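Asker: No sequence on hand, only this structure:
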């Protein structure tokens, strides 16, 4: 396997919470229905994960926020499920594995993504 891209993103929790309070429509714009029923710190982590994934891809052509969902794998670890334009880019770039790590502490949420090719 070879690394195709690496992405990292940091979200300030207080700023993210203010943005959601000011613009409630952000919740439905940024997150699939299955992601929405979470605490703000968890939503911020998911937003950071989506941003980190786009950075790891190296582009975002045609990708919508709902094309990327943060889900749990069979072991309970977070992973990214892609559809639509995100899935098309993953296929076009021959990405075979997407690794995700997320955390939130001390007022920030951080996510890192590594994409691999065969």
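Answerer: Thanks, I have the structure now. Everything numeric here is computed off the predicted structure, so don't read it as measured data. Numbers count the residues shown, from 1 in each chain.

Asker: check contacts around the most centrally placed residue in the chain.
Answerer: Relative to the mean C-alpha position of the chain, the nearest C-alpha, by C-alpha atoms, centre = their mean, is the one of residue 50, at 2.1 Å. With contacts defined as C-beta atoms under 8 Å, 6 or more residues apart in numbering, the neighbours of residue 50 are 30, 65, 68, 70, 80. Using the backbone N, CA and C atoms, a C-beta is placed for each residue, glycine as well.

Asker: With pLDDT as extra columns, can I get those residues in CSV?
Answerer: Output for those, formatted as CSV (pLDDT from 0 to 100):
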residue, pLDDT
30, 98
65, 97
68, 97
70, 97
80, 97
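
Asker: Just among the residues you listed, which is most surrounded?
Answerer: Neighbour counts for these were taken using other C-beta atoms under 10 Å; the highest belongs to residue 68, which has 28 neighbours.

Asker: Specify the helix with the largest residue count in the chain.
Answerer: Among the segments of the chain that qualify as a helix by DSSP state H, the longest is helix 40-57.

Asker: Residue 65 versus the residue nearest to the centre of the chain, what's the distance?
Answerer: Distance, residue 50 to residue 65, using C-beta to C-beta, to the nearest Å: 7 Å.

Asker: between those two, what contacts are shared?
Answerer: Residues touching both residue 50 and residue 65 comprise residue 30, with contact defined as C-beta under 8 Å, 6+ apart.
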